[in-house]
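> I'll drop the sequence and a predicted model, then ask my questions.
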Protein chains: 2
Amino acid sequence: MLLNILSRRLVSMALIGLALCGLGGLGALAQDDPLPSWNDGPTKQSIIDFVIRVTAEGSPDFVAPHERVATFDNDGTLWVEQPIYTQFAFAMDRVKAVSNEHPDWKTKQPFKAVLDGDMKAVAGMGEKGMLEIVAATHSGMSTTEFSDTVKQWIETAKHPRFKVLYTDLVYQPMLELLSYLRANGFKTFIVSGGGIEFMRSFTETSYGVPPEQVIGSSGVTEYRMWDASPVLVKMPKVLFVDDGPGKPEGINHFIGRQPIFAFGIPTATRRCWNGRRIACACASWGWCITPTRCANMPMTAIPRSVSSTRPSTRLWPKAGPW
Amino acid sequence: MLLNILSRRLVSMALIGLALCGLGGLGALAQDDPLPSWNDGPTKQSIIDFVIRVTAEGSPDFVAPHERVATFDNDGTLWVEQPIYTQFAFAMDRVKAVSNEHPDWKTKQPFKAVLDGDMKAVAGMGEKGMLEIVAATHSGMSTTEFSDTVKQWIETAKHPRFKVLYTDLVYQPMLELLSYLRANGFKTFIVSGGGIEFMRSFTETSYGVPPEQVIGSSGVTEYRMWDASPVLVKMPKVLFVDDGPGKPEGINHFIGRQPIFAFGIPTATRRCWNGRRIACACASWGWCITPTRCANMPMTAIPRSVSSTRPSTRLWPKAGPW
């Protein structure tokens, strides 16, 4: 909603611009700036320079289109991750929604804390408690049922601070970056610690990233017959954790080749930078290119948004709800 | 090589045709027949009818391009699988190649049987023996080393009967089908019981299927530091078996949506056909469309090639080395 308001403002400004400058001027402006919501500066310029270099035929840095793989983290990179991971907000809402089927949860932790709205107690139970909540709300149903439940939630649940849908809290500058890369022949992937099936319910609509280009943590599914119909049942068992060292493992498992642009993926980027002992002056929360091209490229850290656990507004794009 | 010879013959025939009919006639012929190596008949016609229906805007069967997912089995569908799975031929060659590092293999089964060339004894040891051979030859190295080894083998190893590279034993009619589907906006995937990293070393060159569209059985990898450089190490531990019920599970895990065209994937096709209790008169080795469209579509079984364990030449395409 906030983004819609911003979009409407931009449209108004565009119309004013149109009146002042004429169609030609505006057209040229739009064409010249593929990342209009980004602050002008070395970060934006180095991204544009990189894209020009890898796409210009005859350039020593040219990369064939089929090798132009770009990977993006999700939480805190493409959309908000504060005050808690969105998927965990979904899980807690599900605990409340199905609690009447589990009367024991009223006295059993970590469910009691969720039902009491005691976030301090939930946080105090750490990863173990979090995993119990996720397992209880992400298994025991078919993949289709789960996907339908997530879709329904994502279309109605509101962010506690901004009071808008979570899909209205995606970062406009990142949408522009995704589009800019795709317009230049890149295949854009999400590589996130989040659940793969949770993300796939909205990434195509929100980011233009189809389900087959979403990589995430995943549980075991089992092919079974239910009421004489075959279904895939989500089991309470982890298949793959796409976090930390799991990110390069996940990239290998799902994509099978190294990205030339990795955004907000610290392990993968460190692997990329250090993999062939080339020292690049760049922070772990940055973007990377293949090591062979690394030495010749300007590298700049791109801090995460102020809504992140690592706040910084120094270089962060000017538009957006944060 | 055999295919090269066939290709040369086809070029010669084309040149004769050119002399007889003139350029216009030949051009029209090529345009009119997207599957020139297929026998004319109901199978070929039903595939063409299906593609026309799902791609014609305004058609009740129209499918948006991003949902045009086509999946293909590999062994026995896209290339030969006789006398043994090609990947197992690779594994046995690797046992021989590294046997000097394992002196105990001379007396230890199943390796002894491989080194003695005693195929009957290898077969007698069944799946357990086969898995031991695969584990010993597919783990303990980095993913890059493994991929390099497979590439080197695939560029040199010859099929025992046809005496040509395995990549010369892909089925020409299937290459045409893959191209035809892609030209009509389909995204083509391989969904095979074979090893994902083994297949990815040749699918892009041989089939035009990029690594990120290859789904297969996979082992666990571990992100580690070797000589101060990070690598992904292939572990002797199965992560995922993409066979039998594993095929629909793998499609869900990697693609996240249902194919509208599944070729040579019995479980997935049965799931597709039976999933919503629509009875279609089609064999398990066929192709399928989404259940909602199933009732209106002509379905025909497409037998596998004579090189398969289920031989049939009845409807199988006319060109190729079998």
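Nice, thanks for sending it over. None of the values given here were measured: they were computed from a predicted structure.
> tell me the contacts of the residue nearest the centre of chain A?
Centroid-nearest residue in chain A, with CA atoms, centre = their mean: A:Asn74, separated by 1.6 Å. By CB atoms under 8 Å, 6 or more residues apart in numbering or on different chains, A:Asn74 lies in contact with A:Ile190, A:Ser192, A:Gly194, A:Met199, A:Gly216. All C-beta spots, glycine's among them, are computed from the backbone N, C-alpha and C.
> Could you identify the most distant pair in those?
Within those, two members stand farthest from each other by CB to CB: A:Ile190 and A:Gly194, at 8.5 Å.
> Now for those two: what residues contact both?
Joint contacts of A:Ile190 and A:Gly194 (CB under 8 Å, 6+ apart) are A:Asn74, A:Gly216.
> any idea how far the residue lying closest to A:Leu165 once chain neighbours are set aside lies from chain B?
Leaving aside its chain neighbours, A:Leu165 sits nearest to A:Lys158 (6.5 Å; criterion: CB to CB, 6 or more residues apart in numbering or on different chains). From A:Lys158 across to chain B, the span is 26 Å (CB to the nearest CB, to the nearest Å).
> Return the per-residue confidence for A:Lys158.
pLDDT, A:Lys158: 94.
> For it, grab phi and psi.
phi -110, psi 150 (degrees, to the nearest 10).
> Looks like it contacts A:Thr167 (just checking).
No. A:Lys158 is beyond contact range of A:Thr167, at 11.0 Å (criterion: CB atoms under 8 Å).
> Settle it for me: which of those two has more neighbours?
A:Thr167 (17 against 13; other CB atoms under 10 Å in any protein chain shown).
> who's in contact with A:Met235?
So A:Met235 contacts A:Ser139, A:Gly219, A:Val220, A:Thr221, A:Glu222 (CB under 8 Å, 6+ apart).
> and the helix or strand harbouring the second one, what does it pack onto?
Element membership for A:Gly219, per DSSP states H and E: strand A:214-226. Using 3 or more CB pairs under 8 Å, 6 or more residues apart in numbering or on different chains; DSSP states H and E, the elements in contact with strand A:214-226 are strand A:187-195, helix A:196-200, strand A:229-240, helix A:246-250, helix B:246-250.
> Dump the ones you listed into JSON lines; add mean pLDDT as well.
Converted to JSON lines, the helices and strands packed on strand A:214-226 look like this (pLDDT from 0 to 100):
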{"stretch": "strand A:187-195", "mean pLDDT": "94"}
{"stretch": "helix A:196-200", "mean pLDDT": "97"}
{"stretch": "strand A:229-240", "mean pLDDT": "88"}
{"stretch": "helix A:246-250", "mean pLDDT": "86"}
{"stretch": "helix B:246-250", "mean pLDDT": "86"}
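> Need the ones you listed in a markdown table (columns: distance to A:Glu145).
Listed next are the helices and strands packed on strand A:214-226 as a markdown table, based on distance: least, CB to CB, whole Å:
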| stretch | distance to A:Glu145 |
| --- | --- |
| strand A:187-195 | 15 |
| helix A:196-200 | 11 |
| strand A:229-240 | 8 |
| helix A:246-250 | 25 |
| helix B:246-250 | 16 |
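> quick one: the closest residue to A:Val54 other than its chain neighbours and A:Val220, what's the gap?
Distance criterion CB to CB, 6+ apart; nearest residue to A:Val54, sequence neighbours excluded, is A:Val63 at 4.3 Å. A:Val63 is 36 Å from A:Val220, where distance means CB to CB, to the nearest Å.
> If you count surrounding residues, which of these two has more?
A:Val63 (19 against 16).
> right, and the more buried one touches A:Ala56 too?
No. Under the criterion of CB under 8 Å, A:Val63 makes no contact with A:Ala56, lying 10.2 Å away.
> excluding its backbone neighbours, what's nearest A:Val69?
In space, and not counting its chain neighbours, A:Val69 is closest to A:Pro259: 4.4 Å by CB to CB, 6+ apart.
> A strand includes that neighbour, no?
No. Using DSSP: H, G, I helix; E, B strand; the rest coil, the assignment for A:Pro259 is coil, not a strand.
> what's the burial count for it?
28.
> Can you pull the phi and psi angles for it?
Note on A:Pro259: its backbone torsions stand at phi -70, psi 150 [degrees, to the nearest 10].
> ok, now how distant is the residue nearest to A:Ile190 when sequence neighbours are not counted from A:Leu175?
Excluding the flanking residues, the one nearest A:Ile190 by CB to CB, 6+ apart is A:Val214, at 4.8 Å. According to CB to CB, A:Val214 and A:Leu175 sit 16 Å apart.
> Name the residue in these two with the higher neighbour count.
A:Val214 (25 against 17).
> Could you list the buried residues of stretch A:247-265?
In terms of neighbour count (16 or more other CB atoms under 10 Å in any protein chain shown), stretch A:247-265 has its buried residues at A:247-265.
> do the same with stretch A:57-69
Buried residues in stretch A:57-69 (16+ other CB under 10 Å): A:Asp61, A:Val63, A:Glu67, A:Arg68, A:Val69.
> Quick check, pLDDT for the residue nearest to A:Ile190.
pLDDT at A:Val214 comes out at 98.
> my read: it touches A:Ile196, true?
Yes. Between A:Val214 and A:Ile196 there is a contact under CB under 8 Å: 6.0 Å.
> Now do the shared contacts for the two.
B:Gly256.
> Would you tell me which one of the buried residues of stretch A:57-69 comes nearest to chain B?
Proximity of the buried residues of stretch A:57-69 to chain B (CB to the nearest CB) peaks at A:Val69, which lies at 7.6 Å.
> close enough to count as contact, the closest one and A:Val191?
No. The criterion here is CB under 8 Å, and A:Val69 misses it with A:Val191 at 10.3 Å.
> residue boundaries of the helices in chain A?
Remark: helices assigned in chain A by DSSP state H are A:2-32, A:42-55, A:86-98, A:111-116, A:119-124, A:126-137, A:143-154, A:172-183, A:196-200, A:203-207, A:246-250, A:266-274, A:291-294.
> Of those helices, which shows the lowest average pLDDT?
Among the helices of chain A, helix A:291-294 carries the lowest mean pLDDT (a mean of 31).
> list the contacts for A:Gly117?
Per CB under 8 Å, 6+ apart, neighbours of A:Gly117: none.
> Next, give phi and psi for it.
phi 70, psi 20.
> And A:Gly41, by the same measure?
The phi/psi pair for A:Gly41 (degrees, to the nearest 10) is phi 160, psi -180.
> Any figure for the gap between the residue nearest to A:Pro83 when sequence neighbours are not counted and A:Ile84?
Closest residue in space to A:Pro83, ignoring its immediate chain neighbours: A:Pro160 at 6.7 Å, by CB to CB, 6+ apart. Distance check for A:Pro160 against A:Ile84: by CB to CB, it reads 9 Å.
> which one of the two has more residues nearby?
Using other CB under 10 Å as the criterion, A:Pro160 and A:Ile84 rank with A:Ile84 on top: 17 against 10.
> mind checking how far the more buried one is from A:Trp105?
Taking CB to CB, one finds A:Ile84 at 19 Å from A:Trp105.
> One more: A:Phe198?
Counting by CB to CB, the gap from A:Phe198 to A:Trp105 is 21 Å.
> contacting residues for A:Asp104?
Per CB under 8 Å, 6+ apart, neighbours of A:Asp104: none.
> pLDDT score for it?
On the pLDDT scale, A:Asp104 gets 97.
> Also A:Thr290?
31.
> While we're on A:Pro317, how confident is the model there?
So A:Pro317 comes in at 32 (pLDDT).
> That concludes my questions; thank you for your assistance.
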